[in-house]
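1. got a predicted structure here, sequence first:
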Amino acid sequence: MRVTIHDIALACGLGKSTVARALSKQPHVSASTRQRVETKAAELGYVPDPSLRVLAQHRWKRPDFHGATLAVLALDNSTKGDTLAEYRADIYEAEGRLGYGITEFSLNRYASLRQLCRVIDARGIRGVLIPPVLDDLPWEKEWTWGKFAHVGCGIGEFRLPIHSVDRNHFTAARLCWRQCLARGYKRIGACVYRQAGPDTNDSLRHAACLYEQSLLPPDHVRLPLYTGALRDDQDFLQWFRAHRPDVIISLNGRALWLLKEEGMRVPEDVGFCIMTSRFTGAESCGTFLPGARAAECAINWLDQLLRVNELGKPEFPDEILIETVWEEGRTLRPLVGAS
C-alpha cells in the first residue's frame with residue numbers, strides 16, 4: 001500500500017494539513033515540526049505523487065485564477081545598457097503560454113535594491129526573474145534572498161548566487177571557429193575579453209578558442225587571444241594592429257564598431273562574427289540564442305521552485321545551457337565553394 005499524508009499525520013499525531021504544509025516547505029510551520037514530519041516520512045517510505053499534486057492544484061483554483069505573478073527586474077540604471085531588452089519580448093510571450101502574470105520592475109524608479117525588494121514583497125510576489133547583471137550592485141547587503149525564488153535569464157558580468165539559464169558559451173565559440181575555417185580564413189583572431197566581475201563563462205569561451213586553435217592545420221597562424229578589458233578600446237586596437245587577423249571572432253559587437261571607426265571594410269579587409277548577441281543588428285554573422293527557449297526554460301524553472309516553496313539562495317546554484325544557432329549576415333566572406 002502506498003504511504004499517504006494521512007499515514008504520516010497519524011504517526012506524528014498531527015493534522016493532515018500541517019503535514020502537507022511541512023512536506024511542501026510552506027511558511028508558518030516551525031523548523032522542529034518540519035523536521036519531525038520529514039523524519040517520519042522517510043521512516044515510512046513516503047514518496048510524493050506529482051500527478052496528484054497537479055490534480056489538487058487544478059481542483060482548487062478559483063474560476064477567475066489567471067496564474068501567479070512573477071517579478072521581472074529591469075536593471076536599466078546601468079550606463080552599460082538594459083540587459084532585459086534582449087529577453088523582454090520572449091519573456092512576455094512565454095508568460096502567456098505558461099499562465100503566469102508578469103510585472104516589470106525598473107530599478108530606475110527605486111532608490112535602492114532594498115526599496116525594490118520591499119515593494120515586490122509587499123505585492124505578495126514570490127518569483128523573481130533576473131536578467132544579466134552588468135554592475136556590481138550591493139545584492140548581499142540590500143536584497144532579502146529568503147523572501148523569493150529566483151532564476152537568472154542570462155548571465156552578465158556579475159554572477160548572482162541563484163539558478164540561471166544561459167547560452168552555451170563553449171559551443172557558441174566553437175561554432176564561430178568552424179564557420180570561419182569553412183570560409184577559408186587562416187589568421188583567426190579571437191577577441192574574448194576579460195569581464196569586470198566573476199563571470200565564470202569567461203573560462204568557457206577562452207577554453208573553446210584555445211581548443212580550436214590546437215586543431216588548426218599547419219598552414220594556419222595561431223594568433224594570441226585578445227583578453228583585455230571589455231571597454232579598453234585602445235588596447236584592442238593595438239592588438240589588432242600588431243597581429244592583423246583576417247577575421248575576428250568577438251564576444252560582442254563592440255569590436256565591429258571599432259574596426260569600422262579604424263577605416264576597415266568588413267568583410268573586404270577583415271571578417272567579423274559575434275559569439276553572444278544580436279545587438280549589432282541583422283548585418284552581423286554569428287551565433288544567436290533563441291530567446292524564447294531561454295525565457296520559457298527560466299519561467300518553467302521558477303514555476304518548479306515555487307511549487308515546492310524553494311525560496312532563497314540555493315546551496316548549489318545550477319545552470320542550464322541553451323544551445324545557440326548560426327545566423328548568417330554580411331560580415332564574413334561566403335562559404336568556400338558556395339555559389
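-> Great, that's in hand.
2. for the spatially closest residue to residue 229 that is not a sequence neighbour, the count of nearby residues, please.
-> With sequence-adjacent residues excluded and distances taken as C-beta to C-beta, 6 or more residues apart in numbering, residue 229 is closest to residue 194, at 6.1 Å. Any C-beta I mention is one placed from the backbone N, CA and C, and that applies to glycine too. Residue 194 has 14 neighbours, counted by other C-beta atoms under 10 Å.
3. before we move on, what about residue 186?
-> As a burial measure, residue 186 scores 14 neighbours (other C-beta under 10 Å).
4. what's the pLDDT at it?
-> Predicted confidence (pLDDT) for residue 186: 96.
5. same thing with residue 113?
-> What the model reports as pLDDT for residue 113 is 95.
6. contacts only, for it.
-> 107, 137-139, 142-143 (C-beta atoms under 8 Å, 6 or more residues apart in numbering).
7. at 10 Å instead, please
-> By C-beta atoms under 10 Å, 6 or more residues apart in numbering, residue 113 lies in contact with 73, 75, 107, 137-144.
8. ok, of these, which one's closest to residue 244?
-> Closest approach between the contacts of residue 113 and residue 244, by C-beta to C-beta: residue 75, at 38.0 Å.
9. please name the nearest non-neighbouring residue to the closest one.
-> In space, residue 75 is closest to residue 107, 5.3 Å off (C-beta to C-beta, 6+ apart).
10. how much space separates that neighbour from residue 72?
-> 12 Å (C-beta to C-beta, to the nearest Å).
11. quick one, which of those two is more surrounded?
-> residue 72 (25 against 19).
12. distance of the more buried one relative to residue 202?
-> In terms of C-beta to C-beta, residue 72 sits 26 Å off from residue 202.
13. do residue 87 as well
-> 21 Å.
14. these two: who's more crowded?
-> residue 87 (23 against 18).
15. assign residue 89 to helix, strand or coil.
-> helix (DSSP: H, G, I helix; E, B strand; the rest coil).
16. neighbours of the residue nearest to residue 166 when sequence neighbours are not counted, how many?
-> In space, and not counting its chain neighbours, residue 166 is closest to residue 155: 4.7 Å by C-beta to C-beta, 6+ apart. For residue 155, the count of nearby residues is 23 (other C-beta under 10 Å).
17. give me every residue that touches residue 105.
-> Counting by C-beta under 10 Å, 6+ apart, residue 105 has contacts 71-75, 116-117, 119-120, 123, 125, 128.
18. same deal with residue 72?
-> By C-beta under 10 Å, 6+ apart, residue 72 lies in contact with 84, 87-88, 91-92, 95, 102-106, 127-131, 153, 295, 298-299.
19. pull the CA atoms of stretch 135-154 into CSV?
-> Output of stretch 135-154 as CSV, limited to C-alpha atoms (Å, rounded to 0.1, in the frame of the first residue of the first chain):
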residue,chain,number,x,y,z
ASP,A,135,27.1,46.2,-12.5
ASP,A,136,28.5,45.3,-9.1
LEU,A,137,25.3,46.1,-7.1
PRO,A,138,25.0,45.6,-3.3
TRP,A,139,22.8,42.5,-3.5
GLU,A,140,24.2,40.9,-0.4
LYS,A,141,23.5,44.0,1.7
GLU,A,142,20.2,45.1,0.3
TRP,A,143,18.4,42.1,-1.2
THR,A,144,16.4,39.7,1.1
TRP,A,145,17.1,36.5,-0.7
GLY,A,146,14.9,34.3,1.6
LYS,A,147,11.6,36.1,0.5
PHE,A,148,11.7,34.9,-3.1
ALA,A,149,12.5,32.1,-5.5
HIS,A,150,15.0,33.4,-8.2
VAL,A,151,16.1,32.3,-11.6
GLY,A,152,18.5,34.3,-13.8
CYS,A,153,17.6,34.6,-17.5
GLY,A,154,21.1,35.0,-18.9
